[in-house]
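Enquirer: pasting the sequence and the predicted coordinates here, then a few questions.
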Amino acid sequence: MKDRIDGLIARCRGEIATCTCVQSLTECKVKFLGKNGELTAILRGMKDLSPEDKPIIGSLVNKARDELANELTIAEQSLKQAELNSKLNNEKVDITWVKNTDKSGTLHPLTKIQNLIIDSFVPMGFEVLEGPEIETEYYNFEALNVPADHPARDMQDTFYITQNILLRTHTSPNQVRTMEAKKPPIKMLCPGRTYRADYDASHSPVFHQIEGLVIDENLTLCDLMGTLECVARKLFSADTKVRFRPSYFPFTEPSVEVDVSCCKCGGVGCSVCKGTGWVEILGAGMVHPYVLENCGIDSNKYTGFAFGLGVERMAMIKYGITDIRLFFENDKRFLKQFNK
Ligand code: DAH
């Protein structure tokens, strides 16, 4: 029996020495010391021993179990430490590594200009309310007093999805949606994508507009002029001159177009202003009484003004960019210039 125990100890030690991971050590422990292990089998067989042999063999088995359990624990600790060391070596973090800042993203120049414009209006109490890009013919045209034979309704300008559903050609439909949803006083700004079937150096099939709408009692053209003059000076420079020209839009009466003195040449005349000294920045006007009534607002009690400006156009004027397509090609060399 003693030989059997010694043999077992030797085999167990041999296996411990060859274990290379904690998992194989656990298997070794189960094999020799587990419930169905070899040493336990010897203990079970002790009932057949003579009374003199029992205590001798019993103490040998206990000693073997204690020693082997101890050796297994030591081996396990050293393997765990080795595993941890190799993990620490392989998963090292180099805290001296410097991030390549060239690769971090930035805002697109159009987003920057859009934010700049919104930030000029918000301190005056305007709230930003966005609307859907897929619109019905009613909101895009009908409610805005755009007659059925207006050229804007033409297939060549508008992307129709069905006869009545289209991609909005301007952000003005959100005037109607806002007036339907809110009671005056209203001061809203609607930025967003707009679509027209047009493509050349100054037109892109997708472009951006910002719509403005103010409805209250006793508003006049002077309120419109004062608001827009103030914003134009904030966006360009304090000495920018602002000019209002009579114009026509079906949804405003009277209607105006707003020009600013050319920020490139200061009004002397250059290629940006085509020699005139002025550049047009937006269309505006007093909301047509028909539009107010279409939206359930009493046109005898309330008046309002509205304006719509093109974000690309503003950016082109401000930065002297001559081709609108540059904004959508996303050539990094172009985009990087706005990243200062
Ligand atoms: N919706 C017009 C366009 O896309 C721009 C515009 C003009 C908007 C006058 C207005 C406005 O709100 O009053 O050309």
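Expert: Looks like it arrived, so ask away.

Enquirer: kindly state the beta-bridge partners for residue 136.
Expert: residue 165 (DSSP bridges).

Enquirer: which residues touch it?
Expert: 164-166 (Cβ atoms under 8 Å, 6 or more residues apart in numbering). Every C-beta, even on glycine, is put in place using the N, C-alpha and C of the backbone.

Enquirer: which of those tops the neighbour count?
Expert: The most neighbours of any of the contacts of residue 136, using other Cβ atoms under 10 Å, belong to residue 166, which has 21 neighbours.

Enquirer: separation between that one and the ligand?
Expert: Residue 166 is 14 Å from the ligand, where distance means Cβ to the nearest ligand atom, to the nearest Å.

Enquirer: and that residue, what is it in contact with?
Expert: 134-137, 140, 158-160.

Enquirer: out of these, which two sit at the greatest distance?
Expert: Farthest pair in the contacts of residue 166 (Cβ to Cβ) is 136 and 159. Separation: 13.7 Å.

Enquirer: ok, residue 128 touching residue 192?
Expert: No: taking Cβ atoms under 8 Å as the definition, residue 128 is not a contact partner of residue 192, at 10.1 Å.

Enquirer: neighbour count winner among the two?
Expert: Taking neighbours as other Cβ under 10 Å, residue 128 and residue 192 compare with residue 192 leading, 18 against 12.

Enquirer: would you mind measuring from the more buried one to the ligand?
Expert: Distance of residue 192 to the ligand, given as Cβ to the nearest ligand atom: 12 Å.

Enquirer: please apply the same query to residue 336.
Expert: With Cβ to the nearest ligand atom as the criterion, residue 336 and the ligand are 31 Å apart.

Enquirer: confirm that residue sits in a helix?
Expert: Yes: checked against DSSP: H, G, I helix; E, B strand; the rest coil, residue 336 lies within a helix.

Enquirer: so residue 208, which state does it fall into?
Expert: strand.

Enquirer: any idea what it is bridged to?
Expert: Assigned bridge partners for residue 208, using DSSP bridges, are residue 193.

Enquirer: contacting residues for it?
Expert: Here residue 208 is in contact with 110, 114, 191-194, 310-312 (Cβ under 8 Å, 6+ apart).

Enquirer: would you check that residue 273 makes contact with residue 263?
Expert: No: Residue 273 is not in contact with residue 263 according to Cβ under 8 Å; the separation is 9.1 Å.
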